[in-house]
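[1] Give me the fold of what follows.
(one chain, ligands or ions: 3)
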Amino acid sequence: KGLGGQKHQRASQIPSEFSQGERVAMKEALKGAIHIPTVSFGPKEINTTALAEFGEYIRSVFPTVFKTSFVQHEVIGEYSHLFTVQGSDPSLQPYMLLAHSDVVPAPDEGWEVPPFSGLEHDGFIHGRGTLDNKNSVMAILQALELLLLRNYIPRRSFFIALGHDEEISGGAQKISALLQARGVQLAFIVDEGNFILDGFIPNLKKPFAIIAVTEKGAINLMLQVNTTPGHSSAPPKETSIGILAAAVSRLEQTPMPNMFGSGLLKMTLQELAHEFPFPTNIILSNLWLFGPLVSRLIERNYITNALVRTTTALTMFNAGVKVNVIPPVAQAIINFRVDPAQTVQEVLELVKNIVADNRVQFHVLSAIDPLPVSPSDHQALGYQLLRQTIRSVFPEVNIVAPGVCIGNTDSRHYTNLTTSIYRFNPLYLNPQSFQSIHGINEKISVRAYETQVKFIFEFIQNADTDQEPVPHLHEL
Ligand SMILES: CCCCCCCC/C=C\CCCCCCCC(=O)N[C@@H](CCCCN)C(=O)O
Ligand SMILES: [Zn+2]
Ligand SMILES: [Zn+2]
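    Residues are numbered from 1 along each chain as shown. Ligands and ions are numbered 1, 2, ... in the order given. Predicted structure coming up:
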């Protein structure tokens, strides 16, 4: 039976069952990882002491990974880690698992427990990085450690790439260039970026898994206005602050066009349609008719709005030197997330037309286009392996659908190695936990973390298949 079959398993599958002692060890290992403040503060500001400590830490908690002869470990760009796990069957194309060890800053304010304490409370491990993305770093290595302890030898080779500067879009390029120089081509990549979503759609009580097959682009645009400084007792009609404030306000008040009609979201919603009660099921099954209505409903909520358009976030504003001085310069930074149906150039044209004021200068600080869409058909090995493993580990999840990642991931640096990039974290996410990512009170339940380890433990074994994915029967 092929991958599309519900019951496909290798005859020699090692059961994903862990002893009480192993379960305690795995959660303690994650807590220790959270405790190391591997913060990426800004483009050239990383906590090198913590990153070095983190490198030592993974050696100490995963000794079997580091001493197994067919697992090669390399440190790349000083603090990133590349593991090459040599499979026994060279005819199978390798794949790669990605995660990152750096985290965004977390000042103590607003947190229930200190963000780098890794404290366990009410069944949750608290702290920065518990969802983004030390959970994945630790779960991948933990799953491999447990497999190796059970004398597992993979058939299909795979790589594990653990970046140390994803939050400042850093050094994954080095790993990617190294693998390219070695002539590596990958069957697929799995990275962070989407989840099993729960509670994001008001009428839909059931959770659904979204595997992101593309990701939005991003532009950091600085707008600047210069005016002649002078005495504030006799101000001009407009100052640099007023001109810039009006410009950014126009941008905030003028959303980019709704791209619902051209996007992947239509496909996602069609997959979800039959899970909704009447009449939503009929509406979603007939988007040719109800598309405009649905797209208006989707844009009402600020999270789902991010799925239908390029978003505009005013993130920084600096101006003024003294209370009684007319400000010579005002600067604002706007972070756009570019819809996959648009390009950076198209968005910049729209922005110029909205600002429509030639006193406002444009400086593009960084810009990346959206990524191509990876295959999610029946022949797509990576997608089908994820789907198969979701079915096994989360039998209560009926829907697995392709979708868009609204953030950016390290996987974008690996498009030279594969056209099949999937972004999926095997965890439940609700709107509250979504807000904790880069926000406050980020936490993961001990049970969810154990399940993530179980998922990767099964996924690695499922990837040993030499069977081509075959069409599966759709559930009625
Ligand atoms: C019908 C479906 C409803 C879905 C609702 C959407 C819910 C969104 C779910 C998950 C999104 C989480 C995004 C996590 C990935 C974020 C990774 C990240 O933070 N990347 C940074 C990279 C920064 C690089 C520096 N330039 C980022 O994007 O800012
Ligand atoms: Zn991340
Ligand atoms: Zn992040």
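[2] make it CA atoms for all contacts and neighbour counts henceforth
    Will do.
[3] The helix or strand containing residue 334: partners in the sheet, and parallel or antiparallel?
    In the assignment (DSSP states H and E), residue 334 maps to strand 329-338. Paired strands of strand 329-338, with direction, are strand 217-226 (antiparallel), strand 311-319 (antiparallel) (DSSP bridges).
[4] Residues in contact with the following helix or strand past it: which ones?
    Using DSSP H and E, the helix or strand that follows strand 329-338 in sequence is helix 344-355. Under the contact criterion Cα atoms under 8 Å, 6 or more residues apart in numbering, helix 344-355 has outside partners 217-219, 247-248, 250-251, 254, 256, 310, 338, 367-369.
[5] Please apply the same query to stretch 161-179.
    Applying Cα under 8 Å, 6+ apart, the set of residues contacting stretch 161-179 from outside is 40, 42-43, 46, 51, 76-77, 79-83, 96-104, 137, 409-410, 413-414, 416-417.
[6] do the same with stretch 273-287
    Contacts made with stretch 273-287 from outside it, assessed by Cα under 8 Å, 6+ apart, are listed as 203-204, 206, 266, 269-270, 290, 294.
[7] which among those end up buried?
    Burial by neighbour count, 16 or more other Cα atoms under 10 Å: within the contacts of stretch 273-287 this picks out 204, 206, 266, 269-270, 294.
[8] Return the closest of those with respect to ligand 1.
    The nearest member of the buried ones among the contacts of stretch 273-287 to ligand 1, counting by Cα to the nearest ligand atom, is residue 269 at 6.5 Å.
[9] quick one: secondary structure of the closest one?
    The three-state label given to residue 269 by DSSP: H, G, I helix; E, B strand; the rest coil is helix.
[10] Could you find the closest non-adjacent residue to it?
    In space, residue 269 comes closest to residue 284 once its chain neighbours are excluded; the distance is 6.4 Å by Cα to Cα, 6 or more residues apart in numbering.
[11] Show the model's pLDDT score for residue 46.
    At residue 46, the model reports a pLDDT of 95.
[12] What's the separation between it and ligand 1?
    As judged by Cα to the nearest ligand atom, to the nearest Å, residue 46 and ligand 1 stand 13 Å apart.
[13] about what we covered before: quick one: neighbours of the residue nearest to residue 269, just the number.
    A count of neighbours around residue 284, defined by other Cα atoms under 10 Å, yields 21.
[14] how about the residues of the stretch 301-450 of the chain near ligand 1?
    By the rule Cα under 6 Å from any ligand atom, the part of the stretch 301-450 of the chain lying against ligand 1 is 303-304, 406-409.
[15] can you do 8 Å?
    Residues of the stretch 301-450 of the chain lying close to ligand 1 (Cα under 8 Å from any ligand atom) are 303-304, 306-307, 403, 405-410, 429, 431, 434, 437-438.
[16] Sort out which of these are buried, if you could.
    The neighbour-count test (16+ other Cα under 10 Å) applied to these identifies 304, 306-307, 403, 405-406, 408-410, 429, 434, 437-438 as buried.
[17] ok, of those, which one's closest to ligand 1?
    Nearest to ligand 1 out of those is residue 408 (Cα to the nearest ligand atom; 3.8 Å).
[18] And the closest residue to that closest one other than its chain neighbours, how far from residue 428?
    In this structure, residue 408 finds its nearest non-sequential neighbour in residue 215, 6.4 Å apart by Cα to Cα, 6+ apart. In this structure, residue 215 lies at 20 Å from residue 428, with Cα to Cα, to the nearest Å as the measure.
[19] got it, and residue 271?
    19 Å.
[20] before we move on, what about residue 294?
    25 Å.
[21] do residue 51 as well
    Taking Cα to Cα as the measure, residue 51 falls 28 Å from residue 428.
[22] So the two - more neighbours on which side?
    With neighbours defined as other Cα under 10 Å, residue 51 and residue 428 compare such that residue 51 has more, 23 against 17.
[23] so what's that one up against?
    Applying Cα under 8 Å, 6+ apart as the definition, the contact partners of residue 51 turn out to be 36, 38, 79, 102, 164.
[24] now, among those residues, which is nearest to ligand 1?
    For ligand 1, the closest of the contacts of residue 51 turns out to be residue 102, at 10.7 Å, with distances computed as Cα to the nearest ligand atom.
[25] ok and the strand holding residue 334 relative to helix 344-355, angle-wise?
    Direction vectors for strand 329-338 and helix 344-355, defined by axes from the mean of the first three to the mean of the last three Cα atoms, to 10 degrees, enclose an angle of 130 degrees.
[26] to the chain's geometric centre, what's the distance from strand 329-338?
    Mean-position distance between strand 329-338 and its chain equals 22 Å (Cα atoms, centre = their mean, to the nearest Å).
[27] Now do that strand: everything it contacts.
    Contacts with strand 329-338, where a contact means Cα under 8 Å, 6+ apart, come from 216-227, 240-241, 244, 248, 309-320, 344, 347, 369-370, 406-407.
[28] Please, a PyMOL command that selects the buried ones among those residues?
    Selection of the buried residues among the contacts of strand 329-338 in PyMOL, burial being defined by 16+ other Cα under 10 Å:
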select buried, resi 216+217+218+219+220+221+222+223+224+225+226+227+240+241+244+248+309+310+311+312+314+317+319+344+347+369+370+406
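[29] For the contacts of stretch 273-287, work out which two are farthest apart.
    Greatest spatial distance among these (Cα to Cα): 206 and 290, at 22.4 Å.
[30] neighbours around residue 64, how many?
    Each residue near residue 64 was counted by other Cα under 10 Å, and the total is 19.
[31] And the host helix or strand of it, what does it pack against?
    Remark: residue 64 resides in helix 63-67, with elements defined by DSSP H and E. The contact analysis (3 or more Cα pairs under 8 Å, 6 or more residues apart in numbering; DSSP states H and E) places helix 63-67 against strand 71-76, helix 134-149.
[32] mind running it again at 6 Å?
    If you count contacts as 3 or more Cα pairs under 6 Å, 6 or more residues apart in numbering; DSSP states H and E, helix 63-67 packs onto no helix or strand.
[33] Follow the chain on from the lowest-mean-pLDDT helix or strand in the chain and name the next helix or strand.
    Ranked by mean pLDDT, DSSP states H and E, the weakest helix or strand in the chain is helix 265-272, scoring a mean of 88. Once helix 265-272 ends, the next helix or strand along the chain (criterion: DSSP H and E) is helix 280-285.
[34] need the contact list for the residue nearest the centre of the chain.
    What sits nearest the mean C-alpha location of the chain, by Cα atoms, centre = their mean, is residue 193, with 2.3 Å. Applying Cα atoms under 6 Å, 6 or more residues apart in numbering, one finds that residue 193 lies in contact with 405, 423-424.
[35] One more: residue 454?
    Going by Cα under 6 Å, 6+ apart, residue 454 touches residue 16.
[36] One more pass at 10 Å, please.
    Residues touching residue 454, when contacts are defined by Cα atoms under 10 Å, 6 or more residues apart in numbering, comprise 15-18, 139-140, 142-143, 146, 389, 393, 426, 448.
[37] Strands - which of the contacts of helix 344-355 land there?
    With DSSP state E as the criterion, strands contain 217-219, 338, 367-368 from among the contacts of helix 344-355.
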